[in-house]
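S.K.: need coordinates for the below:
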Amino acid sequence: MSNVIDIDELRIQRQQKHETRAATECAHKRLNLDDVGSIVRCADCGTQLDAYWTLTLFLDHYGRALRRLNERERAHAEAKVRDIHLTAAQRVEKAWRSRSMVPCCPHCGEGIRADDGLGGTMINRSIDDRRRAAKKGGA
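M.R.: I've put the predicted structure just below:
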């Protein structure tokens, strides 16, 4: 766990973390901010909270939320890469189901029909990659 929290241009570094309250006390998860008196109180137990403790609570929650968000973004990116084949298949099937349209070959522009045997013949991916690279380099 990093001791540095970056929030836009704000950079906060924590030197040490001490837990001063007992575990059986109120967790102070709902806070009331008094703008007039510059006081932070717990909405559940009414305790006036120390500004430093409140800031560290915020940083802890922010750090956890940021890690969860980053994990979700990473998982989403992995799923998107993993499901690109499914997306392509769904687009082809949607075109075929429309009954008035057929998908086109991206190379020659000819229509591809369901009874053309799409997927019936295959080529090794590395061989196809080398062929594509050769066409781009030689073209």
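
S.K.: tell me, how many residues neighbour V40?
M.R.: Other residues near V40 number 19, with proximity taken as other CB atoms under 10 Å. Placement of C-beta: from N, CA and C, glycine included.

S.K.: next one: phi and psi at it?
M.R.: Here is the backbone geometry of V40 (degrees, to the nearest 10): phi -110, psi 120.

S.K.: so who does it touch?
M.R.: By CB atoms under 8 Å, 6 or more residues apart in numbering, V40 lies in contact with L31, N32, L33, D34, Q48, L49, A51, T54.

S.K.: and the third one, that's in a helix?
M.R.: No. Following the definition DSSP: H, G, I helix; E, B strand; the rest coil, L33 is strand and is not counted among the residues of a helix.

S.K.: residues in contact with it?
M.R.: Residues near L33 by CB under 8 Å, 6+ apart: I39, V40.

S.K.: can you show me the strands along the protein?
M.R.: With DSSP state E as the criterion, the chain has strands at 4-7, 10-13, 31-34, 39-42, 48-49.

S.K.: which one of those lies closest to D83?
M.R.: With CB to CB as the criterion, D83 lies closest to strand 4-7 of those, at 31.7 Å.

S.K.: ok, the closest one: who's next to it in the sheet?
M.R.: strand 10-13 (antiparallel) (DSSP bridges).
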